[in-house]
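**Q** after the sequence you'll find the predicted model.
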Amino acid sequence: MSKFGELIDINLPVLLDFYADWDTGSRAMHPVLRDVAAALGDKAKVIKIDADKNKELSEALRVKGLPTLMIYNHGEMVWRQSGEQDANTLITLLNKYI
């Protein structure tokens, strides 16, 4: 969990994607997240977290549905949504914290 704190407590907004390879919605988000990361470059971080391999973290954050997306800004969660999102929505949300 201390590594998680290091991931989110930075001076950039962080988009977390909790996913699973077996989940269709999660797989559909892969190209969307690549587009978001490419559009924002070094102004934000996009981090994918395999929910199956990180069960303790997933449970601690109460991740129930996949994909679950979260935005952290300076270590605090500022947005959370389960289900697929489009790149423009995510870019707009992240831009609020840049």
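**A** Everything's here; your move.

**Q** what distance do you get for the residue nearest in space to the middle of the chain to Lys43?
**A** When the chain is reduced to its mean C-alpha position, the nearest residue by C-alpha atoms, centre = their mean turns out to be Leu16, at 1.6 Å. Between Leu16 and Lys43 the computed distance is 16 Å (C-beta to C-beta, to the nearest Å). Backbone N, C-alpha and C define where each C-beta goes, glycine included.

**Q** then Leu61?
**A** On the measure of C-beta to C-beta, Leu61 and Lys43 end up 24 Å apart.

**Q** compare those two (neighbour count), which wins?
**A** Just comparing Leu61 and Lys43: by other C-beta atoms under 10 Å the higher neighbour count belongs to Leu61, 18 against 12.

**Q** contact partners for that one?
**A** Under the criterion of C-beta atoms under 8 Å, 6 or more residues apart in numbering, the contact partners of Leu61 comprise Phe18, Thr68, Met70.

**Q** who wins for neighbours among the residues you listed?
**A** Neighbour-wise, the contacts of Leu61 (other C-beta under 10 Å) top out at Phe18, 25 neighbours.

**Q** show me what counts as buried in the strand or helix carrying Glu6.
**A** Glu6 belongs to helix 2-8 when assigned by DSSP states H and E. Neighbour-count burial for helix 2-8, with 16 or more other C-beta atoms under 10 Å as criterion, is recorded at Phe4, Ile8.

**Q** so Lys64 is in which element?
**A** Secondary structure (DSSP H and E) places Lys64 outside all helices and strands.

**Q** quick check, pLDDT for the closest residue to it other than its chain neighbours.
**A** Across the structure, with C-beta to C-beta, 6 or more residues apart in numbering as the measure, the residue nearest Lys64 apart from its sequence neighbours is Ser82 (7.0 Å). pLDDT for Ser82: 97.

**Q** from what I can see Ser82 touches Leu66, true?
**A** Yes - using C-beta atoms under 8 Å as the test, Ser82 is close enough to Leu66 to be in contact (7.5 Å).

**Q** may I have the helix holding Glu6 as CSV, with CA atoms only?
**A** What follows is helix 2-8, C-alpha atoms only, in CSV (Å, rounded to 0.1, in the frame of the first residue of the first chain):
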residue,chain,number,x,y,z
SER,A,2,2.9,2.4,0.6
LYS,A,3,3.8,2.1,-3.1
PHE,A,4,0.2,3.2,-3.9
GLY,A,5,0.7,6.4,-1.8
GLU,A,6,3.9,7.1,-3.8
LEU,A,7,1.9,6.7,-7.1
ILE,A,8,-0.8,9.1,-6.2
